[in-house]
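*Asks:* build me a model:
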Amino acid sequence: MRAMTDFISESVENFLKPIETNWQPGDFLPDASDQEEFFAQVKELQGAAQGLSYDLLTVLVGDTITEEALPSYESWLSRLEGIHEEPETNPWKVWVRSWTAEENRHGDLLNKYLYLSGRVNMQEFERSTQYLIADGFNIETGQDPYRNFIYTSFQELATNISHRRVATLAKQQGDGLLSKINGVIAADEMRHAKAYMSFIKKIFEYDPNEVLVAFEDMMRKKIVMPAHFLRETGMEVGGLWGHFTDAAQRIGVYTAIDYANILRDLVTEWDLEHLCDLSGTGEKSRDYLVKLPDRLLRISERMSNPLSEYEFKWIGVRV
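*Replies:* Next comes the predicted model:
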């Protein structure tokens, strides 16, 4: 981690945007300073939101809740070995704060959109958000930076897919503003994915065997998304996860096939197949990882599309 500090300083410049020129939520939302124009824009926003399907709105709310849980994610990354013990000016800490600042805009924008849309029970939505932050989460990475950066590489790619597909579906269903909102968020997620993938690629130069062992361990445990711990009022922790993923799978926002394809993308990006001069343990981990995407694809292709329809308190009665 200390050997990579110069690389991380460059990454802040290469993968994050200057605050002065970056987009902000207010760029996309009705301007309340002009009341006449504001109410006209809100009426237009609500009219477009009426065309969103139940499952799409469900996925949008769940995605927003996970984006709003950002304080958990910053505190988690700040505890990693090689970061938590360093001074505040250390490039790793600068990265964590700056990445968090970019991510923070996502929840702010989506939250305001949902509030203005009139389609969501905001009290239930806000309770689920508070539950998710208060409950915390365990992604089984500990304080190991290798496992955590493998996780963030995977997770950022997954959120890119989810937001990008919500953007496509929103456009198809007549909501151009929501499509634009999710499009810019998806672009952020891809930039962040490229950053975390570059971290692991750099770590391979220093410690390939241990990275491979960490990667194998993560995939055997399975990558657990933060939304895994979603719940509504009266539920146990994680009680909503299955219903949320059913909705995402039904409309093709994020599927088991996507999980396998993300793994394949990481195996390709890090060129695992051609890694050599490894220890015996490293070779076993590499071979397992190279073969795993095809095995997961075969399993996922046999999975049936979920048909169960759950009524979320966030939205209410299905129309």
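
*Asks:* burial measure for Arg79, as a count.
*Replies:* Arg79 is flanked by 12 other residues according to other CB atoms under 10 Å. C-beta coordinates here come from the backbone N, C-alpha and C atoms, glycine included.

*Asks:* ok, it touching Gln143?
*Replies:* Yes. Look at Arg79 against Gln143 with CB atoms under 8 Å: they come within range, at 5.7 Å.

*Asks:* any regions of the stretch 201-319 of the chain where pLDDT drops low?
*Replies:* 308, 316-319 (pLDDT under 70).

*Asks:* mind redoing it with 80?
*Replies:* 303-309, 316-319 (pLDDT under 80).

*Asks:* I'd like the next helix or strand past the helix or strand harbouring Lys43.
*Replies:* In the assignment (DSSP states H and E), Lys43 maps to helix 35-49. On the C-terminal side of helix 35-49, the closest following helix or strand by DSSP H and E is helix 54-68.

*Asks:* tell me the mean pLDDT over that following helix?
*Replies:* Helix 54-68 carries an average pLDDT of 96.

*Asks:* buried residues, the helix or strand just after that helix. List them.
*Replies:* Going down the chain from helix 54-68, the next helix or strand is helix 70-78, by DSSP H and E. By neighbour count, with 16 or more other CB atoms under 10 Å as the criterion, the buried positions of helix 70-78 are Leu70, Ser72, Tyr73, Glu74, Trp76, Leu77.

*Asks:* the fourth one is in contact with Val96, isn't it?
*Replies:* Yes. Counting by CB under 8 Å, a contact exists between Glu74 and Val96, whose distance comes to 6.3 Å.

*Asks:* and the helix holding Lys43, what does it pack onto?
*Replies:* If contacts are counted by 3 or more CB pairs under 8 Å, 6 or more residues apart in numbering; DSSP states H and E, helix 35-49 sits against helix 91-117, helix 176-206.

*Asks:* tell me who's in contact with the most centrally placed residue in the chain.
*Replies:* Nearest residue to the geometric centre of the chain (CA atoms, centre = their mean): Thr159, 3.6 Å. If a contact means CB atoms under 8 Å, 6 or more residues apart in numbering, then Thr159 has Asp63, Ala186, Glu189 as its contacts.

*Asks:* next one: Asn90
*Replies:* Taking CB under 8 Å, 6+ apart, one finds Thr5, Ile83 in contact with Asn90.

*Asks:* for the helix holding Lys43, the distance to its chain's centre please.
*Replies:* 29 Å (CA atoms, centre = their mean, to the nearest Å).

*Asks:* check stretch 175-190 too.
*Replies:* 13 Å.

*Asks:* contacts for that stretch?
*Replies:* Counting by CB under 8 Å, 6+ apart, 23, 28, 45, 48-49, 51-52, 60, 67, 102-103, 105-106, 109-110, 113, 156-157, 159-160, 163-164, 166-168, 170-171 sit against stretch 175-190.

*Asks:* just the buried ones among the residues you listed, please.
*Replies:* 23, 45, 48-49, 52, 60, 67, 102-103, 105-106, 109-110, 113, 156-157, 159-160, 163-164, 166-168, 170-171.

*Asks:* so which residue of this protein lies furthest out from the middle?
*Replies:* Glu36 (36.5 Å).

*Asks:* check it and give its pLDDT.
*Replies:* Looking at Glu36, its pLDDT reads 88.

*Asks:* now swap in His84 and tell me
*Replies:* His84 is given a pLDDT of 82.

*Asks:* does it count as helix, strand or coil?
*Replies:* Secondary structure, DSSP: H, G, I helix; E, B strand; the rest coil: His84 is coil.

*Asks:* quick one: contacts for it?
*Replies:* Contacts of His84 by CB under 8 Å, 6+ apart are Ser78, Gln143.

*Asks:* and for the nearest residue to Tyr146 once chain neighbours are set aside, the neighbour number?
*Replies:* The shortest distance from Tyr146 to any non-neighbouring residue, by CB to CB, 6 or more residues apart in numbering, is to Ala214 (4.0 Å). Neighbour count for Ala214, taken as other CB under 10 Å: 23.

*Asks:* same question for Asp175.
*Replies:* Neighbours of Asp175 (other CB under 10 Å): 24.

*Asks:* what of Ser53?
*Replies:* There are 17 residues near Ser53, going by other CB under 10 Å.

*Asks:* what about stretch 239-251, distance to the chain center?
*Replies:* The chain centroid and the centroid of stretch 239-251 are separated by 15 Å, computed with CA atoms, centre = their mean.
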